[in-house]
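Next input, structure requested:
(2 chains)
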There are 2 protein chains.
Amino acid sequence: MPINISYLLESRTACEREDAADPLRSWQGAFYLPQGLIYLDGNSLGPMPKKALEQLEQAIRKEWAEDLITSWNKAGWWELPETLGELIAPVVGAASGQVIVSDSTSLNLFKTVHAALTLRPERTVMISEADSFPTDLYILEGVTSTHQNIQRRLLGKDGNSLEELIDNQVAVVVFSHVNYRTGEILHIEELVQKTHDAGALFVLDTCHSAGVLPVELDQWGVDFAVGCTYKYLNGGPGSPAFIYVAKRHQNEAENPLSGWWGHARPFEFEENFHAAEGIRRFQTGTQPVLSLRGLQAGLEIAQEVDLQQVRKKSQRLTQLFIELIESGCRNYGVTLQSPTDHDKRGSQVTLHFENGFAVIQALIARKIIADFREPGSMRFGFAPLYLRYTDVWDAAEALADVLKTEEWREERFRQKHEVT
Amino acid sequence: MPINISYLLESRTACEREDAADPLRSWQGAFYLPQGLIYLDGNSLGPMPKKALEQLEQAIRKEWAEDLITSWNKAGWWELPETLGELIAPVVGAASGQVIVSDSTSLNLFKTVHAALTLRPERTVMISEADSFPTDLYILEGVTSTHQNIQRRLLGKDGNSLEELIDNQVAVVVFSHVNYRTGEILHIEELVQKTHDAGALFVLDTCHSAGVLPVELDQWGVDFAVGCTYKYLNGGPGSPAFIYVAKRHQNEAENPLSGWWGHARPFEFEENFHAAEGIRRFQTGTQPVLSLRGLQAGLEIAQEVDLQQVRKKSQRLTQLFIELIESGCRNYGVTLQSPTDHDKRGSQVTLHFENGFAVIQALIARKIIADFREPGSMRFGFAPLYLRYTDVWDAAEALADVLKTEEWREERFRQKHEVT
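Residues are numbered from 1 along each chain as shown, chains lettered A, B, ... in the order given. Alright, predicted model coming up:
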């Protein structure tokens, strides 16, 4: 069904009316948003939930400073990976006991791929997408250095499909739910089915979908998943990632990064490693408590929101942005890299422009924050919990102005820095 | 040379005078210490430096909340692993460019052992101590699951020595500088020499020495090291660990956990992994920024203190505690597990007592915090930057009283919880 937002194209006032009627508008107050800033980078680093400030203050001033070592029990530090995992589980369609927060996405991917390989010991091939977020590719390269007989096949490289690449040598297939560059959504249930038909296991990277799209890990039959908590889950800079292992695999799957936090009895200080039952075995070492404590508030919000409502608003925001750009920026060489079909589009819009880096810098100078990915991709993220239709209007207008005036040609906007 | 602290055994007043003359006494003011608490657990979780509170407030309220994604450049988030590594380097006797802060000790140990194995591809054996902190053992077990032809030999198990175990099949030897349970210090330079004589590589775990003992990684010829930042470096609960790779190995050693943070050009989003030059390649994924920001203040303190002075006071504090226990607790079945030779003793004293768990709980109820390790080890840590001679006096007196009155027999002290 097409999305009708054409009445919003008429005037900023129409967008104001839409904001006033937005069923999600009350969530805006749950976040700290700097005055005068339009933040279109929640797909990279979410803003601070107001409650996160309270919880961090508690963690620092009371738990660390006052209660010191006793907080491992008293404040539940030791169980944080599980406690936070349980908060994420319903957000990604997982029943209890299958999600844990720990380490980074890259490390969790290493764990899941290795675990999948040990569950399919007679098979020697991993499949992944050529245009996945590069760390996924790099981690699989690392796996081939520890498993010398394992090979990789890259999907999409010469237009090849999963059907063409998969066979009975394939142990594991890794896909991203949403492409980090274009925002394209894949039909995961279908890909899982094809993977299972060939007897292989499926790993899903949910970095660009968790918290903003309905994700149904259990229902889709996903075997393993990883995901990021600092984007749409608003967990704070570099907050630890999560890992999902389907119940049916937990007691056979092996975590190669077998540290004491994954031991069945970590405080017995036994000489040999005995993996904990269940999801706990996918932990390794001591976790960064302050970063974990900063994450809780974002997850509490994610628990409460209606993801269908979030998805609906996300589709309307991105559709509005695309249509405004089409009318306002048509003549400046900007092209759409994201799917036009709103059902295939995640919560971001990517525009290609050769000098996109400078354009993004010029927008940042106007207090409109988006980001840039080589080569030429300008990414605009639309997080429905705190963005307004008027923000979209203002951002599109500013972008058209930067392009029309060629403001981006100014020297100060063309100097490159690294931005994550 | 024997340590003369006998004049302190005479009275608490003598200890008060010693405190007044202590050249390190001004450092006490740099830490937040709860009123009325005697904290003998700095070997497990250091107290909060007052400056850490300021820096965390800055990181939360300004860098995350106000500046959002721009802080990756503006606040130097992206470089934190290197910036903090450079602060640690002089504390462990490493020249610049060899230390980075990242992930946990367990994960860093995995990286170093794998790197050592790739540098000695023709060799198939790893040696480690049977009574090292268990995660070191568990991680090596994990390495054998990814490298199927690699074996372990355990040192000290039947009283065997390094000389007996080492031969030309050994690729890597892992030792802890200070034993986590007894506090015994090993002579690292000698062990490195024996390891190198056999053509193997040496990995040092400095978790219980970094920040409290002089450590000379470069001078001793150590190849790789890992260490903890939340103990004597006072970095905050679960603050990320560090990894040292000697310059001579950096560009040949391979990090199997090859994520985008270890890539030569992480923002070019290339399809293939090209390891960064130097120590940066030992990173994997995105780091927990808030926990990193909480760590800086502790490292700034460690930079400024005179470690020889710290060591001297540490030896005097532990000697005083041991002598007070010997006179006050002689009749209650408590035995010393730590070396009597102060040159072989780290900054902790471990006493064995069958019901040690209950004794530690009784002390905690008296606001004297120490910890317990199975089986029967009561650990008392003496961090010289904030502990006073009078604290040692009071703690020893309380322990004697708990034992004498058998207060520990009370039911409330005998219920077990997990404590890290």
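
What ranges in chain A fall below the confidence cut-off?
Low-confidence regions of chain A, defined by pLDDT under 70, span residues A:417-420.

Regarding it, what is its longest strand?
strand A:170-176 (DSSP state E).

And for whichever helix or strand comes after it, what's in contact with it?
Per DSSP states H and E, the first helix or strand lying C-terminal to strand A:170-176 is helix A:188-197. With contacts defined as CB atoms under 8 Å, 6 or more residues apart in numbering or on different chains, helix A:188-197 is touched by A:162-163, A:166, A:170, A:173, A:175, A:177, A:201-202, A:204, A:216, A:219-222. For every residue, glycine as well, the C-beta is placed using N, CA and C.

In helices, which of these fall?
A:162, A:163, A:219, A:220 (DSSP state H).

Tabulate these (JSON lines), appending neighbour count.
JSON lines is the format used below for the ones in helices among the contacts of helix A:188-197 (neighbours: other CB atoms under 10 Å in any protein chain shown):
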{"residue": "A:162", "neighbour count": "20"}
{"residue": "A:163", "neighbour count": "9"}
{"residue": "A:219", "neighbour count": "13"}
{"residue": "A:220", "neighbour count": "19"}
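
Which strands or helices does the longest strand of chain A pack on?
For strand A:170-176, the packing partners by 3 or more CB pairs under 8 Å, 6 or more residues apart in numbering or on different chains; DSSP states H and E come out as helix A:105-119, strand A:125-129, helix A:134-146, helix A:188-197, strand A:201-205.

Kindly report the residues of the stretch 51-200 of chain A close to chain B.
Within the stretch 51-200 of chain A, the positions near chain B by CB under 8 Å from any CB of the partner chain are A:53, A:56, A:60-61, A:63-73, A:77-78, A:103-107, A:110, A:114, A:118, A:130, A:133-135, A:137-139, A:141-142, A:145-147, A:154.

Just the buried subset of the residues you listed, please.
Buried members of these, scored by 16 or more other CB atoms under 10 Å in any protein chain shown, are A:53, A:56, A:60, A:63-72, A:77-78, A:103-107, A:110, A:114, A:118, A:133-135, A:137-139, A:141-142, A:145-147, A:154.

Of all pairs in the ones in helices among the contacts of helix A:188-197, which one spans the longest distance?
Across the ones in helices among the contacts of helix A:188-197, the longest distance by CB to CB is 22.7 Å; it joins A:163 and A:219.

how close does residue A:331 sit to residue A:404?
8 Å (CB to CB, to the nearest Å).

between the two, which one's more packed in?
residue A:404 (12 against 9; other CB atoms under 10 Å in any protein chain shown).

buried ones in the host helix or strand of the more buried one?
Assigning secondary structure by DSSP H and E places residue A:404 in helix A:389-405. Neighbour-count burial for helix A:389-405, counted by 16+ other CB under 10 Å, picks out A:389-396, A:398-400, A:402-403.

Also stretch A:203-221?
A:203-213, A:215, A:217-218, A:220-221.

and chain B, which of the residues you listed reach it?
Okay, of those, nothing touches chain B (CB under 8 Å from any CB).

Quick check: the most centrally placed residue in chain A vs residue A:229, distance?
For chain A, the residue whose C-alpha lies nearest the mean C-alpha position (CA atoms, centre = their mean) is residue A:207; its distance is 2.2 Å. To residue A:229, residue A:207 is 9 Å away according to CB to CB.

Likewise for residue A:42?
In terms of CB to CB, residue A:42 sits 13 Å off from residue A:229.

Likewise for residue A:313?
Counting by CB to CB, the gap from residue A:313 to residue A:229 is 21 Å.

next one: residue A:394
29 Å.

swap in residue A:380?
Distance, residue A:380 to residue A:229, using CB to CB: 21 Å.

go on, residue A:387?
19 Å.

Looking only at neighbour counts, state which of those two leads.
residue A:229 (29 against 25).

Next up, phi/psi of the closest residue to the more buried one other than its chain neighbours, please.
The shortest distance from residue A:229 to any non-neighbouring residue, by CB to CB, 6 or more residues apart in numbering or on different chains, is to residue A:235 (3.7 Å). Residue A:235 has phi and psi values of phi -90, psi -10 when expressed as degrees, to the nearest 10.

Make sure residue A:235 is actually in contact with residue A:290.
No: counting by CB atoms under 8 Å, residue A:235 sits too far from residue A:290 to count as a contact (11.9 Å).

Show me which of the two is the more surrounded one.
residue A:235 (34 against 31).

residues contacting the more buried one?
Neighbours of residue A:235 in contact, by CB under 8 Å, 6+ apart: A:46, A:229, A:291, A:294, A:295, A:298, A:299.

Checking the second one next. Helix, strand or coil?
Taking DSSP: H, G, I helix; E, B strand; the rest coil as the rule, one finds residue A:229 in the coil state.

now do the first one
Using three-state DSSP, the structure places residue A:46 in coil.

how many other residues sit next to it?
Residue A:46: 33 neighbours (other CB under 10 Å).

which of the buried residues of stretch A:203-221 lies closest to chain B?
Relative to chain B, the closest of those is residue A:207; by CB to the nearest CB it sits at 10.3 Å.

okay but the closest one is in contact with residue A:105, surely?
Yes: counting by CB under 8 Å, residue A:105 is a contact partner of residue A:207 at 6.0 Å.

Just give me the closest of the contacts of helix A:188-197 to residue A:286.
Distances from residue A:286 to these, taken by CB to CB, are shortest for residue A:204, at 27.3 Å.

Quick one: distance of stretch A:397-404 to the chain centre.
Put simply, stretch A:397-404 sits 29 Å off its chain's centre (CA atoms, centre = their mean, to the nearest Å).

ok, residues contacting it?
Under the contact criterion CB under 8 Å, 6+ apart, stretch A:397-404 has outside partners A:324-325, A:328-329, A:332, A:334, A:353, A:359, A:362-363, A:366, A:368, A:407-408.

What residue in chain A is the furthest from its centre?
Most distant from the centre of chain A: residue A:271, at 37.9 Å, with distances by CA atoms, centre = their mean.
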